[in-house]
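# I'd like to go over a predicted model; first the sequence, then the structure.
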Amino acid sequence: MKAVSAPADGDWRGRVLVDPDMILEDRDVMRALIAANERQMGKNIVDLRGIAMERLEARLDRLEDTHRSVIAAAYENLAGTNQIHRSVLRILDCATFPALLDFLAGELSEILRVDAVRLVLESTEPGEAPHPAVVPVAIGAVEAYVAGGRVAPPRPVTLRQCAPAGDAVFGDRAADLRSEALLQLDLGPGRAAAMLALGGEDPHQFRAGQGTDLLQFLAGCLERTLRRHLGA
C-alpha cells in the first residue's frame, strides 16, 4: 500500500486522508456529511445509521450534562465542607462566652456566606438582648418558630424558603431574608431550648431537600461549646 505523503496546507483531501479523525471528531462536519448523504438517497429511504447516530448524540449530550452536574455538585459539597470545618475550628478557638458571641455576630456569617446569624435562647423571663447575636425568647418559642404553624415531627435542622423571615428571630434583617436554616441546640439537662438561625437573602440558599449533615455537625459543635461556657 502506497503511503500518503504529508499534504500541503491547501490540500484538504490529503489532510483528511492523513488524519481522518479530524473529520470524525467534528460534530458539525459529520452532521453536514450525513445530511448530504440523506439528500442523495432520497426521501423514500430511511437511513437507520443516521437515526442511530442522532440517538447516540442525544445520549452523549445527556451524559455530558450529567457529568457537568456531578462535577458542580462535588465542588459545591467540597466548598460547603471547608466552610463548616473553618467555622468549627473558629468556634473551638473561642476561649470565652463573649468571644463566642462576637464570632457568631461577625465572622461566622462571612465564613458561611450568610446574611444574618442569630443565637436564639429561650428564657422564663426574656429581657433585652445582652449581645447583638443573641435573641431572648419565651419558653416554647423555638419549637413554635421551627414548626411555622404546621404539625410535624421535630428535626435537628430545618431548611426552608421564607418571604420574609420572622422578625421575632432576625429583627430588622427579617424583611431582606428569603431563606433560613434553623439549627436546634440542646444545651443540657435543665436548660431551655436554643437555636442557631442562619438567614440568606438568596431564596435558594436554604431549601427543603438539601443535605443537612454538615449543619448538624456544626450544631453539635456549637451546643457542646455553649454547654462548656454555660457550665452545663
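Nice, I can see it. If you're wondering where the values come from, they're calculated on a predicted model, not measured in any experiment.
# tell me where the chain has helices.
Listed in chain order, the helices of the chain (DSSP state H) span 12-18, 21-24, 27-41, 48-93, 97-105, 107-112, 141-147, 167-170, 213-230.
# just the mean pLDDT for the second one, thanks.
Helix 21-24 carries an average pLDDT of 68.
# now the fifth one
Along helix 97-105, the predicted confidence averages to a pLDDT of 94.
# what comes up buried for it?
97, 100-105 (16 or more other C-beta atoms under 10 Å). Heads up, the C-betas are built off the backbone N, CA and C, glycines and all.
# identify whichever of the helices of the chain lies nearest to Ala197.
Closest of the helices of the chain to Ala197 is helix 167-170, at 5.1 Å (criterion: C-beta to C-beta).
# in that closest one, what's buried?
For helix 167-170, a neighbour-count test (16+ other C-beta under 10 Å) marks 169-170 as buried.
# do stretch 117-135 as well
117-122, 133-135.
# show me which pair in those is furthest apart.
Across these, the longest distance by C-beta to C-beta is 17.8 Å; it joins Val117 and Glu122.
# and Arg160, how many neighbours does it have?
When neighbours are defined as other C-beta atoms under 10 Å, Arg160 has 14 of them.
# report pLDDT for it.
The model reports Arg160 with a pLDDT of 93.
# ok, Pro156 next?
92.
# one more: Ala58?
Ala58 is given a pLDDT of 77.
# got it, and Leu63?
80.
# residues in contact with it?
By C-beta atoms under 8 Å, 6 or more residues apart in numbering, no residues touch Leu63.
# about what we covered before: and of the buried residues of helix 97-105, the nearest to Ala193?
Using C-beta to C-beta, Leu104 is the member of the buried residues of helix 97-105 that sits closest to Ala193, with 17.2 Å.
# how close does the closest one sit to Gly166?
Separation of Leu104 from Gly166 (C-beta to C-beta, to the nearest Å) stands at 18 Å.
# what do you get for Asp176?
Separation of Asp176 from Gly166 (C-beta to C-beta) stands at 13 Å.
# kindly report the same for Leu214.
Distance, Leu214 to Gly166, by C-beta to C-beta: 24 Å.
# show me the shaky parts of the protein.
Counting by pLDDT under 70, the chain contains low-confidence residues at 1-10, 20, 23-25, 27, 33-53, 69, 72-78, 232.
# mind redoing it with 80?
Along the chain, the parts satisfying pLDDT under 80 run over 1-61, 64-80, 149-154, 231-232.
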